[in-house]
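> Have a look; sequence and predicted model below, questions after that.
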Amino acid sequence: MIGDLYCYAWAALEHELAEGKPSKGLETLSAALPPVKYSSNEVEALKSCSKPLTHFKHDAGPGDVPLFDAPLDVGEGWVYSNETNKEGWLFNYHHMNNTAATGRRKLHSRKMPRKRKKRPSKPILPGIPILQDVSLLPSKLTFNVSFSDSYPTLVISYLRSYEHFGKAVVIIDDNFEAAALRIRKNMLYRKDYCDVADTEVSSSGGNAVHPPCMQMRHGFMEYPFVLNGHWEDHSSQLAVAVFNRKYELAIGPLGNYLEPHVYIPVNKAMVRKPGWHNVSIAMLLDRRDHQANALRPERSRFKVFALKAC
């Protein structure tokens, strides 16, 4: 219905302009268009990513590298998926060799008294540990991209879906330990922050949840350089993330933070020097997103559609 209204209004406007006698209600629409506020040169001077130095996508045009041939390194668990309209690099944690079962149940002799069955303990997640049920996998998909010296920008297109898709971390120049430490500090701080903030809000008679904490718990406030491939909507859609600033650690007591961030964006370039850099994407396994007794993380997939750098 909204589309029909737009079409009707546009057709009515064109008819009145052709007649030269705008009817009542169309006088302002039929007036001359205002002059252009910005010249084309001023628009070109804006810091944008309209002309990337590096662009990897499956339907590559002249001068672009196809996404299939783009990775510098393909880690275990990453495969190229040529699914119709969703072609890209897919990671599946359960396709890795080290995700075997935790062990078979022991068989007891008939002469031995039956023992109470014990539930197998949770296996330790592989990779760099962040929290007890969170780890950063070393299996990475790495691209070599070129950044400019004016305004380095990285743009990644990825899939957001409701089933089995989780989070991934963008790492520049393979600094895995620093990335894991950054995420760990944010997770621990945000938990403490929200515990204190929620208590203060509820004690003052307000809502039971502090607004920023509600945003974090529902996935609207992500950690720096973390891509969330999961949402509750029962659909699968392309999402785009833009990175163009550096994050630095903010030091101070809990009460001095205006927002629940440990690493905050600053007006500094994302990379120290222009030129070629390695950009890696690695899976962030978070077993807390599932049932409390889950042995394996269910949100264990992530998919990349395109990557470009300016």
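The structure has been received and is ready for your questions. Every value quoted in this text rests on a predicted model; they were computed, and no experiment measured them.
> Please pull out the lowest mean pLDDT helix or strand from this protein.
helix 40-45 (a mean of 60; mean pLDDT, DSSP states H and E).
> Could you check how far the nearest residue to Met221 once chain neighbours are set aside is from Ala197?
Nearest residue to Met221 in three dimensions, chain neighbours excluded: Gln215, at 4.4 Å (C-beta to C-beta, 6 or more residues apart in numbering). To be clear about C-beta, it is placed using only N, CA and C from the backbone, and glycine gets the same treatment. Computed with C-beta to C-beta, to the nearest Å, the distance linking Gln215 and Ala197 is 12 Å.
> can you check Ser157 too?
According to C-beta to C-beta, Ser157 stands 34 Å off from Ala197.
> now Phe176
Distance from Phe176 to Ala197, by C-beta to C-beta: 31 Å.
> Over to His55?
Separation of His55 from Ala197 (C-beta to C-beta) stands at 42 Å.
> ditto for Lys140
In terms of C-beta to C-beta, Lys140 sits 35 Å off from Ala197.
> who has more neighbours, these two?
A count of neighbours by other C-beta atoms under 10 Å puts Lys140 above the other of Lys140 and Ala197, at 26 against 19.
> and that one, which of the three is it?
Using DSSP: H, G, I helix; E, B strand; the rest coil, the structure places Lys140 in strand.
> Return the residues in contact with it.
Asp73, Gly75, Ile171, Asp174, Ser280, Ile281, Ala282 (C-beta atoms under 8 Å, 6 or more residues apart in numbering).
> From what I see, the first one and Asn144 are in contact.
Meaning Asp73. No - Asp73 lies out of contact with Asn144 (C-beta atoms under 8 Å); the separation is 9.3 Å.
> quick one: the helices in this protein?
2-19, 40-45, 176-203, 211-217 (DSSP state H).
> ok, of those helices, where does mean pLDDT dip lowest?
For those, the weakest mean pLDDT is recorded on helix 40-45, namely a mean of 60.
> what separates the residue nearest to Met221 from Ile130, distance-wise?
Taking C-beta to C-beta, one finds Gln215 at 21 Å from Ile130.
> Compare those two and say which one has the larger neighbour count.
Between Gln215 and Ile130, Ile130 has the larger neighbour count (other C-beta under 10 Å), namely 24 against 15.
> Leaving aside the residues adjacent along the chain, what's closest to that one?
Nearest to Ile130 is Arg184, by C-beta to C-beta, 6+ apart, at 4.6 Å.
> what's the answer for Pro66, then?
Computed as C-beta to C-beta, 6+ apart, the closest residue to Pro66 that is not its neighbour in sequence is Ala60, at 4.4 Å.
> now swap in Ala70 and tell me
Closest residue in space to Ala70, ignoring its immediate chain neighbours: Phe56 at 3.9 Å, by C-beta to C-beta, 6+ apart.
> close enough to count as contact, the residue nearest to Pro66 and Leu67?
Yes - if you go by C-beta under 8 Å, Ala60 and Leu67 touch, sitting 7.2 Å apart.
> neighbour count winner among the two?
Using other C-beta under 10 Å as the criterion, Ala60 and Leu67 rank with Leu67 on top: 23 against 16.
> So the more buried one is in contact with Val74, correct?
No - counting by C-beta under 8 Å, Leu67 sits too far from Val74 to count as a contact (11.8 Å).
> Overlap in contacts, these two.
Residues touching both Leu67 and Val74 (C-beta under 8 Å, 6+ apart): Trp89.
> Now Leu154. Nearest residue, chain neighbours left out?
In space, and not counting its chain neighbours, Leu154 is closest to Phe243: 4.4 Å by C-beta to C-beta, 6+ apart.
> Report how many residues lie close to that neighbour.
Phe243 has 20 neighbours, counted by other C-beta under 10 Å.
> give the contact list for Asp64.
His55, Phe56, Lys57.
> Report the contact partners of the first one.
Read it as His55. Asp64, Val65, Ala306, Leu307, Lys308.
> Kindly report the same for the second one.
Phe56 sits next to Asp64, Val65, Pro66, Leu67, Ala70, Phe143, Ala306, Leu307, Lys308 when contact means C-beta under 8 Å, 6+ apart.
> could you redo the last one with a cut-off of 10 Å?
64-71, 88-89, 143, 145, 156-157, 304-309 (C-beta atoms under 10 Å, 6 or more residues apart in numbering).
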